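>>> give me a model of this one.
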Amino acid sequence: MAGDVAASMVWTLCAEACIEELGFGAGRLNRLKEEALANYRQVNEEGHTDGLDVAMEHLRRCAQAALKEDIMVENQPDEDRVRQSERDYEEQKRAFLKRAVMQELGRRAGKGSLRVLSEKKLEEKATAAMAQLKEHTWAKRISTP
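Residues are numbered from 1 along each chain as shown. The predicted model follows:
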């Protein structure tokens, strides 16, 4: 399920970039998606039949031939990727909450400035405002389509 959501998000970003930067229309996007899925299936099948190392080497050679530059594949264990993903998620969550707090502080301040003179005072104000925000604010943000 999470893999499907991630794949859908990646495809949406890719499609948007192809529309904006390359001027792709609906027909061309559909062909691109079909080809991308066929390529994914091919690598997946190769990985199951010949082994993941063989499939990744074949993919590397194809990408290298297409880009006309050397490509090096770095092996990163799944556990490291998961931990990095969790750290990235927490970092994004903190950044989102900090922006929400700063917006709330800005609304409270009205037209005048916050007149915060020290980093410590800013942290105190942000902590107080963050305490008033509900944790579901972040959940609401990431659950919107």
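
>>> going forward, measure contacts between C-alpha atoms and count neighbours the same way
Noted.

>>> give me phi/psi at Glu69?
Per-residue torsions, Glu69: phi -150, psi 160 (degrees, to the nearest 10).

>>> quick one: name whatever helix or strand follows the host helix or strand of Leu29.
Per DSSP states H and E: Leu29 is located in helix 26-49. Counting by DSSP H and E, the next helix or strand C-terminal to helix 26-49 is helix 52-67.

>>> for that next one, packing partners?
Judged by 3 or more CA pairs under 8 Å, 6 or more residues apart in numbering; DSSP states H and E, helix 52-67 is in contact with helix 26-49.

>>> what packs against the helix holding Leu29?
helix 2-22, helix 52-67.

>>> try it again at 6 Å.
Here helix 26-49 is seen to pack against helix 52-67 when contacts are counted using 3 or more CA pairs under 6 Å, 6 or more residues apart in numbering; DSSP states H and E.

>>> pLDDT averaged over the helix it packs on, what's the number?
On average, the pLDDT along helix 52-67 is 88.

>>> for stretch 73-83, same thing?
Per-residue scores along stretch 73-83 average to 73.

>>> chain center to that stretch: distance?
Distance of stretch 73-83 from the chain centroid (CA atoms, centre = their mean, to the nearest Å) equals 16 Å.

>>> Arg31 versus Met9, what's the distance?
Here the criterion is CA to CA, to the nearest Å. By it, Met9 lies 18 Å from Arg31.

>>> the closest residue to Asn44 other than its chain neighbours: neighbour count?
In space, and not counting its chain neighbours, Asn44 is closest to Ala55: 7.7 Å by CA to CA, 6 or more residues apart in numbering. Residues within reach of Ala55, counting by other CA atoms under 10 Å, total 19.
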